[in-house]
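Novice: let's see this in three dimensions:
(one chain, ligands or ions: 2)
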Amino acid sequence: MLILGIESSCDETAAAVVEDGRIIRSNQVASQAAEHNLYGGVVPEIASRRHIEAISTVVQAALDEAGVTVQDLGAVAVTFAPGLIGGLLVGVNFAKGLAFAADKPLVPVHHLRGHIAALYLTHPDLEPPFLCLVASGGHSHIIQVEDYTRFHVLGRTVDDAAGEAFDKVSRTLGLGYPGGPAVAKAALGGNPSAYRLPTPKLAGRYDVSFSGLKTAVLNLVNQAKMRGEEINVPDMAASFQFRVTEILAEKLMLAARETGAKKVCIAGGVAANLVLRDLLERDCAEIGASLYLPRLSLCGDNAAMIGSAGYYEYRAGARAGADLNGLATLPIDDPDLDPKSC
Ligand code: KG4
Ligand code: ZN
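Specialist: Ligands and ions are numbered 1, 2, ... in the order given. Here you go, the predicted structure:
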């Protein structure tokens, strides 16, 4: 079954055709990152406007690349939550018009469920249950993926998301947006133990926090400025990157040990981080768990992951009607996402 996935929750306008949840027939992404970089981060108003300009072309390009027409599709799947509301509304409304004009089912997809589905596109044999860290610009969750459409959140960030911390520190260090790749690049020539950065103490066993770390970097940069000294940017980038990835890896491995997980996965934009990948390769080998990493090109926002998640949601019975709306926030395990109540 062919599913057209549509994604517009942040600053990527994306469309893709996916077969049976596992095979990418096409994958088109129009990124606005260069424009947002001028402002040091995503400007929601600009993002909405760029989505509405790009979406028709991007969807047509995805159909053309796959060599199919709308009539060949089994369903249209769209990210409807969570994300920037102006962007979500563009994708949702476009998907609605297309699905109803072509008389195809419309499937609502949760963005984080989409990030997890990137793993199904990378590993043809991977099936739930597994333990998954989802770390993006807006979320950092440790999740038990019980089934394709059943999720249990074990822990989450109590303040900033990991990607958000990378973006803010990148801005503080003058490295630009998006921060993750910029900090990772700057860190290549740096010493990860040059600056001593704090580790958060938290009540929730599997929770994480990055706001203290971000503030510590900001304070060190400001103190250096006041003393007329220079911060060593590669050293700071490397120290920050090391501490963030260490926190994420420690919490994920604690959850893996305590739940007896045999399969450990990561997903979301931050899953592209090579230091995090290396740490987890080592840690998973130590406890005898198998580590599944998403293909680098599928870590960031894309619509192939929405086409994949949409397939499993469709199979579970999820359907949206003409009244589908976008939602800026919605937990991944919200009861409203249960297909029986859609
Ligand atoms: O999943 P994603 O593309 O969009 C959201 O759903 O938010 O994640 C984007 C986030 C950004 O904060 C970006 O800085 C971060 O992922 N990111 C990275 C890397 N590549 C992207 N963070 C750390 N290391 C990377 N290599
Ligand atoms: Zn995302």
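Novice: just the helices in the protein please.
Specialist: Taking DSSP state H, the helices of the chain run over residues 33-37, 44-66, 85-101, 111-122, 162-172, 179-187, 211-226, 233-259, 274-287, 304-316.
Novice: nearest to ligand 2, of those helices?
Specialist: With C-beta to the ion, the closest approach to ligand 2 among those belongs to helix 111-122: 5.6 Å. Placement of C-beta: from N, CA and C, glycine included.
Novice: and the angle from the closest one to helix 304-316?
Specialist: Helix 111-122 runs at 100 degrees relative to helix 304-316, counting by axes from the mean of the first three to the mean of the last three C-alpha atoms, to 10 degrees.
Novice: quick one: helix 111-122 to chain centroid distance?
Specialist: 9 Å (C-alpha atoms, centre = their mean, to the nearest Å).
Novice: mind exporting it as CSV, just the C-alpha atoms?
Specialist: The C-alpha coordinates for helix 111-122 follow below in CSV (Å, rounded to 0.1, in the frame of the first residue of the first chain):
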residue,chain,number,x,y,z
HIS,A,111,5.3,14.0,14.8
LEU,A,112,7.3,12.0,17.4
ARG,A,113,5.7,8.8,16.2
GLY,A,114,7.0,9.8,12.8
HIS,A,115,10.5,10.2,14.1
ILE,A,116,10.4,6.7,15.6
ALA,A,117,9.1,5.3,12.3
ALA,A,118,12.4,6.5,10.7
LEU,A,119,13.8,3.4,12.3
TYR,A,120,11.5,1.1,10.4
LEU,A,121,12.7,2.7,7.1
THR,A,122,16.3,2.1,8.1
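Novice: what does the protein put close to ligand 1?
Specialist: Residues of the chain that fall close to ligand 1, judged by C-beta under 6 Å from any ligand atom: 10, 115, 136-138, 163-164, 166-167, 178-181, 184, 268-270, 272-273, 300-301.
Novice: which of those residues come close to ligand 2?
Specialist: S136, D301 (C-beta under 5 Å from the ion).
Novice: separation between the nearest residue to A224 once chain neighbours are set aside and K225?
Specialist: Among residues not flanking A224 along the chain, I231 sits closest, at 4.8 Å (C-beta to C-beta, 6 or more residues apart in numbering). From I231 across to K225, the span is 8 Å (C-beta to C-beta, to the nearest Å).
Novice: distance of the closest residue to I23 other than its chain neighbours from A304?
Specialist: Computed as C-beta to C-beta, 6+ apart, the closest residue to I23 that is not its neighbour in sequence is L121, at 8.0 Å. When distance is defined by C-beta to C-beta, L121 is 6 Å away from A304.
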